[in-house]
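# sequence plus the predicted model coming up.
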Amino acid sequence: MRIGLASDHRGYTLKERIKEELLKENYEVLDYGTNSTESSDYPDYAFRLGEAIRDKAVEYGVAICGSGIGISIACNKVKGVRCAKVDSIEDVMATRRDNDANIIAFGERTPQDEAILWVNMFLSTSSSMEEKHVRRRNKIKEYEEKIS
């Protein structure tokens, strides 16, 4: 499975830690930046990750900035991306199960062990095929197609 990672300077250290863990678990990891703690703009990296999802270069993504909010907003500007900013393991499970999210985002203050747990749970939780969830996801896709 190919996993894309993206962060700004504030999320860089946590991104690198997650990358290390994913590589240990034999995931193929594509890093869309940034590559240092030097000040950078999260939209640049969010768009790269979002485009990788859109183009099917990666199956899932992890995005990190100071709060997780800005980078999630930027990721969601790319057609086909369903990025959710998460704050708990319950959020992670719900967004995969109910919303079929393909990117999760969180803030750089998320404890490393917790972030790794969230990423693992995100990657191992299946999307629900329950009719109500499929119907809701399809409405989002249809709207996205209409405005494109």
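The structure has been received and is ready for your questions.

# what's the single longest helix in the chain?
The longest helix of the chain (DSSP state H) is helix 131-147.

# how far is it from where the chain is centred?
19 Å (Cα atoms, centre = their mean, to the nearest Å).

# the residue nearest the centre of the chain bridge partners, please.
Central residue of the chain (Cα atoms, centre = their mean): Ile103, 2.3 Å from the mean position. Beta-bridge partners for Ile103, by DSSP bridges, are Gly61, Cys83.

# OK, contacts around it?
Counting by Cβ atoms under 8 Å, 6 or more residues apart in numbering, Ile103 touches 4, 49-50, 53, 60-63, 72, 75, 81-84. No exception for glycine: its C-beta is placed from N, CA and C like everyone else's.

# ok, so of those residues, who is nearest Glu28?
For the contacts of Ile103, the minimum distance to Glu28 (Cβ to Cβ) is 9.9 Å, reached by Gly4.

# neighbouring strands - and their directions - for the helix or strand harbouring the closest one?
Here Gly4, judged by DSSP states H and E, is contained in strand 2-7. Strand 2-7 has the following sheet partners, assigned by DSSP bridges: strand 28-31 (parallel), strand 60-65 (parallel).

# how far is the very next helix or strand once past that strand from where the chain is centred?
Next along the chain after strand 2-7, taking DSSP H and E as the criterion, comes helix 12-24. Counting by Cα atoms, centre = their mean, helix 12-24 is centred 14 Å from the centre of its parent chain.
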